[in-house]
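Trainee: generate coordinates for the sequence data below:
(4 chains)
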Number of protein chains: 2
Amino acid sequence: MAPTDRITGKPRRRTGNPARIHGTIAHDLGVAIVSGQYTPGEVLPNEIDFSERLKVSRSAYREAVRILSAKGLVESRPKTGTRVTQPERWNLLDPDVLAWYFATEPDPKLIDGLFELRMIIEPAAAALAAERRESHHLTIMREALMNMERHTLNTEEGQSADRAFHDAVLDASGNMPLRSLSSTIGAGVRWTTVYKARKDELPRDPMPDHWRVFDAIAAGGPDAARSAMAELVGGALRDTARALRRSQTAEKTPDAG
Amino acid sequence: MAPTDRITGKPRRRTGNPARIHGTIAHDLGVAIVSGQYTPGEVLPNEIDFSERLKVSRSAYREAVRILSAKGLVESRPKTGTRVTQPERWNLLDPDVLAWYFATEPDPKLIDGLFELRMIIEPAAAALAAERRESHHLTIMREALMNMERHTLNTEEGQSADRAFHDAVLDASGNMPLRSLSSTIGAGVRWTTVYKARKDELPRDPMPDHWRVFDAIAAGGPDAARSAMAELVGGALRDTARALRRSQTAEKTPDAG
DNA sequence: TGACGCTATATACTCCGACAAATACATTGA
DNA sequence: TCAATGTATTTGTCGGAGTATATAGCGTCA
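Mentor: Predicted structure coming up:
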């Protein structure tokens, strides 16, 4: 029998890793929270009742709550109970939290925010990378781009190569906090492709932009790298915005599918 | 008796909140990990032995490990045990992880990285804020700056007002991911002051720069806001760099204190 | 000799039941 | 009216037992 979401009851794809109970509970609860199924300020049922309803031991449930609490989604105190915190306290940059957002149809405001963040971060990171990259960074970037070309963005391999390239740029920036943003940026990169693919759009060949960024970083030109990356991300933004617009108008049209 | 760090045995200031055991264990272990006391790849002692050595129950210890695991610091699997992950997988933007870094003398590379991040993020955020700020954002900013003036950066209140101002700018940017960076930026802001104070340096009055940023945001001028904020952060950066340089040369001088 | 499969074992994972501590809330008293 | 006190509810902590899983080592077979 396929594993099911213990909150919603819907079937859920397994993650590949051996599912530990506390992990799946944290996942299901996390998704339920960020998707608004539990509203901020709301108190969850008490441990004993809730763990019973979820058909897990109190220990496993408590460990799940610790995970959510560590990511800022809930806060528990004796007598008061465990309550959902205000969204501004959620740790949005946490890879898991971001993944939980994207487990359901994410808020368009979040997509926009991620692109804005990319437009801010990535050109600056590319400029730093142009100054500090080591040879092994260039090797990784080159290989990633070659894989992108070989597999195209229609394949899982190609998309993963795309993320690997952007990761490598952040890594080459030599800045620890920037490197920590790689999963956040990666989520943006991933969803660009998803939105475009959903609308069967492949409006521009992504490779020339990517190679220009690579060349600038390899040549050690910060300004060229910055503008090339701005061009790349900006192009992706425009494509995605167009796809999103179509998607929204399609939704308004009855029986579009 | 004052509470003591269960890893190092050193006395530790209590956090104000009622210390829950899992929390203090997570804190102590987290500090030990980010400070290099446990090296990446190293496996921790098994649950039974370690919890016994720490004088806590297995449940409490396990919940602490769940917290660390949620922040990417460790990874546990049956048979293999719980091992410290590679630093690039640590969730550096997590407020707790950052706090754990600063619990001991943090890596200068991290300080530099945070300032670089501020130089990238804050001017861009100020520009967005100039376009999107609501009136209540301006109210908060104005009050924060007035508190800064009243209390100065020598007081806890003044420093907290400083952070509140930068927070408000990020908030006014209307960008969810940017808002999540507030604790990260806040850590940078805090340590600017700390480093300067440590060297008894108050080389420039911070208020004019801050008011310039505020005026530009209030007037709705993105470009002016961007450059004013760049000036502000850049000035702080220069001050801190000078303080750091003195601090390092002082360390090399024998018996400087 | 090498590759493959089996088994033994160490470890985390899950469950249970009990008790302790904290705190919001009602009650009582001044 | 307000403060001290008590009480009930909820999370927090504990110890112990059994399960699941992944690694490593051994043995078997080609």
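
Trainee: close to DNA strand D: what parts of the stretch 1-150 of chain A are there?
Mentor: Contact residues, the stretch 1-150 of chain A versus DNA strand D (Cβ under 7 Å from any atom of the strand): A:18, A:44, A:46-48, A:58-59, A:62, A:65, A:76-82. All C-beta atoms are positioned from the backbone trio N, CA, C, and that covers glycine.

Trainee: give me the subset of those lying in helices.
Mentor: Judged by DSSP state H, those include A:47, A:48, A:58, A:59, A:62, A:65 as members of helices.

Trainee: pull the most distant pair out of these.
Mentor: Within those, two members stand farthest from each other by Cβ to Cβ: A:48 and A:65, at 12.8 Å.

Trainee: who's more crowded, these two?
Mentor: More crowded of residue A:48 and residue A:65, by other Cβ atoms under 10 Å in any protein chain shown: residue A:65, with 25 against 10.

Trainee: got a pLDDT number for that one?
Mentor: The pLDDT attached to residue A:65 in the predicted structure is 98.

Trainee: quick check: it touching residue A:73?
Mentor: No: contact criterion Cβ atoms under 8 Å: residue A:65 and residue A:73 do not qualify, at 9.5 Å.

Trainee: what's the local residue count around whatever residue of chain A ends up closest to DNA strand D?
Mentor: Closest to DNA strand D within chain A is residue A:46: 3.2 Å, counting by Cβ to the nearest atom of the strand. Counted with other Cβ under 10 Å, the neighbours of residue A:46 add up to 11.

Trainee: so it touches residue A:79, yeah?
Mentor: No: with contact defined as Cβ under 8 Å, residue A:46 does not count as touching residue A:79 (10.3 Å).

Trainee: and the contacts of whatever helix or strand residue A:168 lives in?
Mentor: Taking DSSP states H and E as the definition, residue A:168 sits inside helix A:156-172. Contact with helix A:156-172 is made by A:121-122, A:125-126, A:128-129, A:132-134, A:137, A:140-141, A:144-145, A:147-148, A:150-153, A:178-179, A:181-182, A:185-186, A:189-190, A:193, A:206, A:210, A:213-214, A:217, A:229, B:88, as judged by Cβ atoms under 8 Å, 6 or more residues apart in numbering or on different chains.

Trainee: now do stretch A:58-71
Mentor: If you take Cβ under 8 Å, 6+ apart as the criterion, stretch A:58-71 is touched by A:21-23, A:25-26, A:29-30, A:33, A:47-48, A:50-51, A:54, A:74-76, A:82, A:90-91, A:94, A:96-97, B:22, B:26, B:59, B:62-63, B:66-67, B:69-71, B:96.

Trainee: now, which of those lie close to DNA strand C?
Mentor: A:21, A:22, A:23, B:59, B:62.

Trainee: picking that back up, beta partners for the residue nearest to the residue of chain A closest to DNA strand D when sequence neighbours are not counted?
Mentor: In space, and not counting its chain neighbours, residue A:46 is closest to residue A:81: 6.1 Å by Cβ to Cβ, 6 or more residues apart in numbering or on different chains. Beta-bridge pairing of residue A:81 under DSSP bridges involves residue A:77.

Trainee: wait, isn't residue A:81 in contact with residue A:42?
Mentor: No: the criterion here is Cβ under 8 Å, and residue A:81 misses it with residue A:42 at 10.0 Å.

Trainee: tell me which stretches of chain A form helices.
Mentor: Using DSSP H, helices in chain A cover A:21-34, A:47-53, A:58-70, A:95-103, A:108-132, A:135-151, A:156-172, A:176-180, A:182-198, A:207-219, A:222-252.

Trainee: same list (the ones next to DNA strand C among the contacts of stretch A:58-71) but as JSON lines, adding distance to residue A:239.
Mentor: Converted to JSON lines, these look like this (distance: Cβ to Cβ, whole Å):
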{"residue": "A:21", "distance to residue A:239": "41"}
{"residue": "A:22", "distance to residue A:239": "40"}
{"residue": "A:23", "distance to residue A:239": "35"}
{"residue": "B:59", "distance to residue A:239": "50"}
{"residue": "B:62", "distance to residue A:239": "46"}
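
Trainee: tell me how many other residues crowd residue A:79.
Mentor: For residue A:79, the neighbour count with other Cβ under 10 Å is 4.

Trainee: need the per-residue pLDDT for it.
Mentor: 94.

Trainee: what of residue A:256?
Mentor: Note for residue A:256: predicted pLDDT of 36.

Trainee: next: residue A:153.
Mentor: As predicted, residue A:153 sits at a pLDDT of 87.

Trainee: and it, how far from residue A:210?
Mentor: The spacing between residue A:153 and residue A:210, counted by Cβ to Cβ, to the nearest Å, is 11 Å.

Trainee: neighbour-wise, which of those two wins?
Mentor: The neighbour count for residue A:153 versus residue A:210, taken as other Cβ under 10 Å, is higher for residue A:210 (22 against 19).

Trainee: quick one: contacts for the nearest residue to the more buried one once chain neighbours are set aside?
Mentor: Counting by Cβ to Cβ, 6+ apart, residue A:145 is the residue found nearest to residue A:210 once chain neighbours are left out, at 5.5 Å. Applying Cβ under 8 Å, 6+ apart, we find residue A:145 in contact with A:161, A:165, A:207, A:210, A:211, A:214.

Trainee: up against DNA strand C, what does chain A have?
Mentor: So far as Cβ under 7 Å from any atom of the strand goes, chain A lies against DNA strand C at A:20-23, A:55-60, A:63, A:77-80.

Trainee: ok, those residues vs residue B:102, which is closest?
Mentor: Distances from residue B:102 to the residues of chain A next to DNA strand C, taken by Cβ to Cβ, are shortest for residue A:77, at 25.9 Å.

Trainee: what about the closest one, how many residues nearby?
Mentor: Neighbour count of residue A:77, defined by other Cβ under 10 Å: 11.

Trainee: need phi/psi at residue A:93.
Mentor: phi -80, psi -10 (degrees, to the nearest 10).

Trainee: who's in contact with the residue lying closest to it once chain neighbours are set aside?
Mentor: Distances taken as Cβ to Cβ, 6+ apart place residue B:93 nearest to residue A:93, at 4.6 Å, with adjacent residues excluded. By Cβ under 8 Å, 6+ apart, the contact list for residue B:93 reads A:91, A:93, A:94, A:177, A:180, A:181, B:180, B:181, B:183, B:184.

Trainee: run a quick neighbour tally on residue A:150.
Mentor: Counted with other Cβ under 10 Å, residues neighbouring residue A:150 total 11.

Trainee: do the same with the one 10 residues further on
Mentor: Per other Cβ under 10 Å, the neighbour tally for residue A:160 reads 17.

Trainee: from residue A:171, how far off is residue A:213?
Mentor: From residue A:213 across to residue A:171, the span is 14 Å (Cβ to Cβ).

Trainee: for residue A:28, same thing?
Mentor: Residue A:28 is 33 Å from residue A:171, by Cβ to Cβ.

Trainee: tell me which residue is most central in chain A.
Mentor: Most central in chain A under Cα atoms, centre = their mean is residue A:187, positioned 2.7 Å from the mean C-alpha point.

Trainee: that one contacts residue A:103, doesn't it?
Mentor: No: between residue A:187 and residue A:103 there is no contact under Cβ under 8 Å: 11.7 Å.

Trainee: isn't residue A:72 right up against residue A:87?
Mentor: No: with contact defined as Cβ under 8 Å, residue A:72 does not count as touching residue A:87 (9.6 Å).

Trainee: follow-up on the earlier one: save the contacts of residue B:93 as JSON lines, and put in pLDDT too.
Mentor: JSON lines is the format used below for the contacts of residue B:93 (pLDDT from 0 to 100):
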{"residue": "A:91", "pLDDT": "96"}
{"residue": "A:93", "pLDDT": "95"}
{"residue": "A:94", "pLDDT": "96"}
{"residue": "A:177", "pLDDT": "96"}
{"residue": "A:180", "pLDDT": "95"}
{"residue": "A:181", "pLDDT": "95"}
{"residue": "B:180", "pLDDT": "95"}
{"residue": "B:181", "pLDDT": "95"}
{"residue": "B:183", "pLDDT": "91"}
{"residue": "B:184", "pLDDT": "92"}
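
Trainee: brilliant, that's me finished.
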